[in-house]
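> Structural data only, the sequence is not supplied:
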């Protein structure tokens with residue numbers, strides 16, 4: 001805990017120093033230009049700031065897309081806030097809605113075939129930051145004004161916040177990937193896994209040799225990229241509805257790994273609500289996690305995964321079959337709000353499973 005606090009303070013100090021340098025530099029560079037333009041309306045400037053922030057998120061993700069394509073990657077999805085464009089199994093673009101805590105956007109792509117020592121990840125990971133900086137400079141040089149200055153400042157701030165390694169941003173992912181080949185392979189594996197989910201398939205089922213490869217990995221630098229392997233393994237159990245084994249593994253991971261990212265912990269808690277309700281409703285851990293504020297927020301999400309979690313809770317813990325069935329029907333109605341085709345299909349399959357358990 002002390003280490004996390006210390007690292008957090010260092011990050012804040014680093015951001016303040018960078019901000020001061022940027023502010024001083026900008027003042028020196030643009031001072032003369034701004035003296036020649038009219039002072040803007042404060043309300044318009046505020047609106048421009050909001051629009052600039054949204055535009056820079058789009059620009060940032062477009063940077064990942066551009067440099068990903070340049071590196072031989074293939075498009076999977078492009079998300080800004082909750083709005084998401086995906087390419088389905090037939091190559092057609094579709095709109096879905098997905099919320100991922102801690103991110104304003106995300107561009108996911110399928111990496112080229114993995115070749116040890118030659119994995120192209122640098123341009124893809126740094127593409128967003130590069131676009132933020134380039135577009136900021138270009139807009140200011142082409143049309144210097146208070147509005148383009150605001151656009152540029154927001155762009156530089158977002159760029160540095162993503163470049164300085166912290167949380168699970170681009171800089172941190174780049175930092176971990178640059179440290180060793182195993183982490184780079186795992187990054188590639190994650191992107192491949194996401195691609196298969198986008199076309200409604202499970203990578204471990206389609207390519208069972210990957211399981212052996214995962215089990216043979218020697219992980220020396222544990223981080224959120226390597227932690228994602230745990231979720232890939234859990235997904236294999238969920239695919240076959242091996243809920244007893246899944247319950248044991250998820251409970252063990254949750255109770256033994258305090259160092260997991262908060263977003264991982266929240267997803268584990270959400271999964272535990274479902275599994276405890278289904279397998280062992282008397283587990284005292286359920287009452288503990290249901291008090292967690294982050295979980296309460298997570299369980300307000302309107303997607304089929306959440307509806308099924310709540311339906312299982314009503315069925316297994318509250319013993320309210322009618323409410324459980326209503327939640328199952330709600331899950332079916334919003335199936336298109338699942339983040340990808342694989343999860344959509346899996347949740348619809350679970351709807352049938354739970355419904356059969358209730359009415360039998």
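Cool, got the structure. Every value quoted in this text rests on a predicted model; they were computed, and no experiment measured them.

> what's next to stretch 77-90, contact-wise?
Outside stretch 77-90, the residues that touch it by Cβ atoms under 8 Å, 6 or more residues apart in numbering are 54, 57-58, 61, 65, 75-76, 93-100, 104-108, 198-200, 339-341. Backbone N, C-alpha and C define where each C-beta goes, glycine included.

> Pull out the buried positions in the strand or helix carrying residue 138.
Using DSSP states H and E, residue 138 sits in helix 122-142. For helix 122-142, burial by neighbour count (16 or more other Cβ atoms under 10 Å) applies to 123-133, 135-136, 139-140.

> Narrow the contacts of stretch 77-90 to just the buried residues.
So, by 16+ other Cβ under 10 Å, the buried ones in these are 57, 61, 65, 75-76, 96-99, 104-108, 198-199, 339-341.

> any idea of the pLDDT on residue 45?
What the model reports as pLDDT for residue 45 is 84.

> hang on, it in a helix?
Yes - judged by DSSP: H, G, I helix; E, B strand; the rest coil, residue 45 forms part of a helix.

> what sits against it?
For residue 45, the contact set (Cβ under 8 Å, 6+ apart) comprises 146-147, 150.

> just residue 226 next, same as before
182-183, 186, 219.

> now residue 52
Listed by Cβ under 8 Å, 6+ apart, the contact set of residue 52 reads 147, 150-151, 154-155.

> do residue 181 as well
Applying Cβ under 8 Å, 6+ apart to residue 181 gives the contacts 116-117.

> Roughly how far does it sit from residue 228?
17 Å (Cβ to Cβ, to the nearest Å).

> where does the stretch 101-250 of the chain have low pLDDT?
101-102 (pLDDT under 70).

> now do 80
Along the stretch 101-250 of the chain, the parts satisfying pLDDT under 80 run over 101-103.

> now the stretch 251-360 of the chain
In the stretch 251-360 of the chain, residues with pLDDT under 80: 360.

> what ranges do the helices span in it?
For the stretch 251-360 of the chain, applying DSSP state H, counting those that start in this stretch gives helices covering 262-279, 285-289, 293-298, 304-316, 321-333, 341-359.

> Any idea which of these gets closest to residue 70?
Residue 70 lies closest to helix 341-359 among the helices of the stretch 251-360 of the chain, at 27.1 Å (Cβ to Cβ).

> Could you list every helix and strand in contact with the closest one?
helix 181-198, helix 304-316, helix 321-333 (3 or more Cβ pairs under 8 Å, 6 or more residues apart in numbering; DSSP states H and E).

> any idea how far the last one is from the chain center?
Going back to what we said before, that points to helix 321-333. In terms of Cα atoms, centre = their mean, to the nearest Å, the centre of helix 321-333 is found 27 Å from the chain centre.

> From the rest of the structure, what touches that helix?
For helix 321-333, the external contacting residues (Cβ under 8 Å, 6+ apart) are 304, 307-308, 310-312, 314-315, 347-348, 351, 354-355, 358-359.

> mind giving me the domain ranges of this structure?
2-178, 182-359 (automatic domain parsing).

> dump the residue contacts of the closest residue to residue 320 other than its chain neighbours.
Distances taken as Cβ to Cβ, 6 or more residues apart in numbering place residue 314 nearest to residue 320, at 4.6 Å, with adjacent residues excluded. Residue 314 makes contact with 320-321, 323-324, 327, according to Cβ under 8 Å, 6+ apart.

> Got phi/psi on the closest residue to residue 136 other than its chain neighbours?
Nearest non-adjacent residue to residue 136, counting by Cβ to Cβ, 6+ apart: residue 155, 3.3 Å away. Dihedral angles of residue 155 (phi, psi; degrees, to the nearest 10) stand at phi -60, psi -40.

> Give me the neighbour count for residue 155.
For residue 155, the neighbour count with other Cβ atoms under 10 Å is 26.

> Residue 302 now?
Residues lying near residue 302 (other Cβ under 10 Å) number 11.

> That one contacts residue 337, doesn't it?
Yes - Residue 302 lies in contact with residue 337 (Cβ atoms under 8 Å); the separation is 6.4 Å.

> State the distance from residue 291 to residue 139.
From residue 291 to residue 139 the distance is 48 Å (Cβ to Cβ).

> can I assume residue 168 is in contact with residue 228?
No - the criterion here is Cβ under 8 Å, and residue 168 misses it with residue 228 at 10.0 Å.

> so when I look at residue 95, I'm seeing a helix, right?
No - under three-state DSSP, residue 95 falls outside any helix and is assigned strand.

> and the residue nearest to it when sequence neighbours are not counted, what are its phi and psi?
Leaving aside its sequence neighbours, residue 95 sits nearest to residue 85 (Cβ to Cβ, 6+ apart; 6.1 Å). Backbone dihedrals for residue 85, given as degrees, to the nearest 10, come out at phi -110, psi 130.
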